[in-house]
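Peer 1: Take this sequence and fold it.
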Amino acid sequence: MFSVIMPVHNKKEYVVAAIDSVLAQTFSEFELILIDDCSSDGSTELIKPYESEKVTILSRGTPGPGGYAARNLGVDKAKHQWITFLDADDVWYPNHLQTAYELINKYHRVSFYSLSREKIFKSKKSGFFHPQEEKIEYDIALERFSQKDIFHTNAVVIERELFISAGGFPAGECKRGGDSDLWLRLLLNCNSIVVSPIVTSCYVLDNSGVIYGKASVETQHPVHQTSMRYIASHPKASVNVSLKKLSNRKNISWLAARKRTGIFSLSELKVIYFGCLDRTGIKQLIKLITPQNFAKFSAFLRKKSL
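Peer 2: Numbering: from 1, shown residues only. Alright, predicted model coming up:
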């Protein structure tokens, strides 16, 4: 039924809890594929005892940013129709696969599911919770995605065929943001998705090792290129405004991170679709350029409008 994919790269402190949370699922028809992504902290030794008929361990010689290549390898070797992911420093609750199973059996001809999830950051619990269970068309899902992150790696269930047709994770193309880029490509390759308010996983940001808000990022988010390519080939598509809004949200977030690290310049604003900025985006943009030189910014806008 399910193939569970878990990349492992130097997660010695957390990987046992992650694996145990998979093995504790109330729904038992699954395989777990662990991909040792060139660990050097002792994680390899910790996961070896788990190898069994139900648990497969694969190894890669070179670690890949974001675990993208490792996840793609896991999907390539997967035996089952449905693909799920869990990061090695997070956990599933026991109901994750059972919830997914019930949704798949309730909604036919749907290949992409998004469940609700909790998040722990600085020991405080929050999360993202879909307001209700519903099947929504891909354009509505894209509009929601343009406003907030309605997907997370630990909380999606994807039919293997859809994952492959969408191109999988962008291994070798980016260091960050590849998960959001995949969610976008999945939406553009399906007709509808199902969302659920049931919480089935916990994203423990405290364990990730990422300094929140100060990560080193590129000048443009991966969804920007995907959006531009789609708009260029579908110039009259009804979803193009949502694509531009999504690109704006992701790019402004990244440019703000670049500003915090002192490497932002006004020329990087060329990735912004100014005509599609909402009130929140405008406020963020003002904060982004302050205390930059407003005369330079005005000149930039005038040049942009020519």
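Peer 1: Please count neighbours and contacts with C-alpha atoms only from this point.
Peer 2: Fine.
Peer 1: measure residue 83 to residue 200 for me?
Peer 2: Per CA to CA, to the nearest Å, residue 83 is found 15 Å from residue 200.
Peer 1: Just checking: what are the partner strands of the strand ranked longest in the chain?
Peer 2: As assigned by DSSP state E, the longest strand anywhere in the chain is strand 192-204. Partners of strand 192-204 in the sheet, by DSSP bridges, are strand 91-92 (antiparallel), strand 112-121 (parallel), strand 134-137 (antiparallel).
Peer 1: my guess is residue 224 contacts residue 245, does it?
Peer 2: No: using CA atoms under 8 Å, residue 224 makes no contact with residue 245, being 10.1 Å away.
Peer 1: Which one of the two is surrounded by more residues?
Peer 2: residue 245 (25 against 20; other CA atoms under 10 Å).
Peer 1: Leaving aside the residues adjacent along the chain, what's closest to that one?
Peer 2: Nearest non-adjacent residue to residue 245, counting by CA to CA, 6 or more residues apart in numbering: residue 146, 5.5 Å away.
Peer 1: Over to the residue nearest to residue 271 when sequence neighbours are not counted. Which of the three states is it?
Peer 2: Using CA to CA, 6+ apart and skipping residues adjacent in sequence, the residue nearest residue 271 is residue 220, 6.8 Å away. Following DSSP: H, G, I helix; E, B strand; the rest coil, we place residue 220 in the coil state.
Peer 1: Quick check, pLDDT for residue 220.
Peer 2: Confidence at residue 220, expressed as pLDDT, is 95.
Peer 1: OK, contacts around it?
Peer 2: By CA atoms under 8 Å, 6 or more residues apart in numbering, the contact set of residue 220 is 251, 254-255, 271.
Peer 1: quick one, strands of the stretch 51-200 of the chain?
Peer 2: Ranges of strands in the stretch 51-200 of the chain, per DSSP state E, counting those that start in this stretch, are 55-60, 82-85, 91-92, 112-121, 124-128, 134-137, 156-159, 192-204.
Peer 1: Mean neighbour count, those strands: which tops it?
Peer 2: strand 91-92 (a mean of 25; mean count of other CA atoms under 10 Å).
Peer 1: what does it rub up against?
Peer 2: 17-18, 21-22, 86, 154, 200-204.
Peer 1: Name the next helix or strand following the helix ranked longest in the chain along the chain.
Peer 2: In the chain, taking DSSP state H as the definition, the longest helix is helix 240-260. Moving toward the C-terminus from helix 240-260, the next helix or strand (DSSP states H and E) is helix 279-289.
Peer 1: Okay, buried residues for stretch 67-77 please.
Peer 2: 67-75 (16 or more other CA atoms under 10 Å).
Peer 1: returning to what we had before: what's the angle between the longest strand of the chain and strand 124-128?
Peer 2: Orientation check (axes from the mean of the first three to the mean of the last three CA atoms, to 10 degrees): strand 192-204 against strand 124-128 gives 170 degrees.
Peer 1: May I have strand 192-204 as PDB, with CA atoms only?
Peer 2: Presented in PDB, the C-alpha positions along strand 192-204 are these (Å, rounded to 0.1, in the frame of the first residue of the first chain):
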ATOM      1  CA  SER A 192      -7.600  17.900  -7.700                       C
ATOM      2  CA  ILE A 193      -6.300  17.200  -4.200                       C
ATOM      3  CA  VAL A 194      -7.800  16.200  -0.900                       C
ATOM      4  CA  VAL A 195      -7.000  18.000   2.400                       C
ATOM      5  CA  SER A 196      -7.700  16.800   5.900                       C
ATOM      6  CA  PRO A 197      -7.800  18.600   9.300                       C
ATOM      7  CA  ILE A 198      -6.500  15.500  11.000                       C
ATOM      8  CA  VAL A 199      -3.100  16.000  12.600                       C
ATOM      9  CA  THR A 200      -0.800  13.100  11.900                       C
ATOM     10  CA  SER A 201       2.800  14.400  12.100                       C
ATOM     11  CA  CYS A 202       5.100  16.800  14.000                       C
ATOM     12  CA  TYR A 203       7.800  18.900  12.400                       C
ATOM     13  CA  VAL A 204      10.400  19.500  15.100                       C
END
